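Enquirer: Fold the following and give me the result.
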Amino acid sequence: MRDARQPIIKENNGMTRKEYNKKYRETHREEIRAYQEQYQKQYYKKHVEKIRKYYEEHREEIQAREKQYNVKRRDRKAEYDKEYRAEHRGDRERYREEHRADQWASQVKLRYGVSPEDYDQMLVEQDGCCAICGRHQTKFKERLCIDHNHETGIVRGLLCRRCNLLLGHAHDSVTILQLAIDYLKRMER
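Expert: Take a look at the predicted model:
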C-alpha cells in the first residue's frame, strides 16, 4: 500500500516525490548552489538597512543574549575538555613516539634536502663517526647532526652535537677557529 503523503509521479518513471527531488538536487547541485548564493546576496542588499536598524535598536539585548550563550557554552566546553583530556591522556606523547622517525625524516628533507637514505649513506662513508672528533655514533644518545654551510646551504657532513655547536659558535670561521687553536697552544706552555 502506498503512502498518501508521497504520491507517485507518473511522468517520472514511477518515482515518489522525495526520490525525484533527491535525484534532481544531485544532478543540479551547482545550479542550486549558484541560485542560493545569488538569492542571499539579493536578500542582504534588499534588507541591509532593516537589519542594521534592528541591531542598533536591540544592541544591548542581542549582546546580553550572546553573552549568556557564551557563558553556558564556556561551562559546557570546560566540562567537555576535562572529560576529553582524561580520556585521551598521553595520546600526544604516544603519537610523537610512534611517529618520531617520520617527523625526523621530513624535517631533514625539508631543511637540508637530505633523505634518510642519503643520511645513512653519509653515515657509512664516515664509518658512523663524527667528521671532526671521530667518536662513534653509539657513544651519543642522539643521531649525528647534519652540518651545512649557512650561506650556501650545502651539506658538509655529519657531526656530533658538540662539534656542530663548536662550528656554530665560531660562525663557521676558519680564522676564529685558528685563533682558538693558537690560544690553546700558547696556554699549554
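Enquirer: From now on I want contacts and neighbour counts done on CA atoms only, so please keep to that.
Expert: Will do.
Enquirer: got the CA positions of stretch 30-38 in CSV?
Expert: As requested, the backbone C-alpha atoms of stretch 30-38 are provided in CSV (Å, rounded to 0.1, in the frame of the first residue of the first chain):
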residue,chain,number,x,y,z
GLU,A,30,25.8,23.6,-9.0
GLU,A,31,22.8,25.4,-10.3
ILE,A,32,21.1,25.2,-7.0
ARG,A,33,24.2,26.5,-5.1
ALA,A,34,24.5,29.4,-7.5
TYR,A,35,20.9,30.3,-7.1
GLN,A,36,21.1,30.2,-3.3
GLU,A,37,24.2,32.4,-3.3
GLN,A,38,22.5,34.9,-5.6
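Enquirer: So which bits of it are buried?
Expert: The neighbour-count check on stretch 30-38 (16 or more other Cα atoms under 10 Å) flags nothing as buried.
Enquirer: what does that stretch contact?
Expert: Contact with stretch 30-38 is made by Arg25, as judged by Cα atoms under 8 Å, 6 or more residues apart in numbering.
Enquirer: Dihedrals phi and psi, His58?
Expert: Note on His58: backbone dihedrals following degrees, to the nearest 10 are phi -120, psi 20.
Enquirer: Could you say which helix or strand holds the most centrally placed residue in the chain?
Expert: The centroid of the chain falls nearest to Gln103 when counting by Cα atoms, centre = their mean (12.1 Å). Following DSSP states H and E, one finds Gln103 within helix 100-112.
Enquirer: Check which element follows that helix along the chain.
Expert: Next along the chain after helix 100-112, taking DSSP H and E as the criterion, comes helix 116-125.
Enquirer: Quick check: buried residues in that next one?
Expert: Those buried within helix 116-125 under the rule 16+ other Cα under 10 Å are 116, 119, 122-123.
Enquirer: now do stretch 51-60
Expert: When neighbours are counted by 16+ other Cα under 10 Å, no buried residue of stretch 51-60 is found.
Enquirer: before we move on, what about stretch 160-177?
Expert: Buried residues in stretch 160-177, counting neighbours by 16+ other Cα under 10 Å, are found at 160-161, 163-164, 167, 172, 177.
Enquirer: circling back: distance check, the residue nearest to the centre of the chain against Arg94.
Expert: 14 Å (Cα to Cα, to the nearest Å).
Enquirer: picking up where we left off before, ok, the buried residues of stretch 160-177 vs Arg65, which is closest?
Expert: Proximity of the buried residues of stretch 160-177 to Arg65 (Cα to Cα) peaks at Arg161, which lies at 58.1 Å.
Enquirer: Report the contact partners of the residue lying closest to that closest one once chain neighbours are set aside.
Expert: Across the structure, with Cα to Cα, 6 or more residues apart in numbering as the measure, the residue nearest Arg161 apart from its sequence neighbours is Cys145 (6.2 Å). Counting by Cα under 8 Å, 6+ apart, Cys145 makes contact with 158-161, 164.
Enquirer: beta partners for Cys145?
Expert: Leu159 (DSSP bridges).
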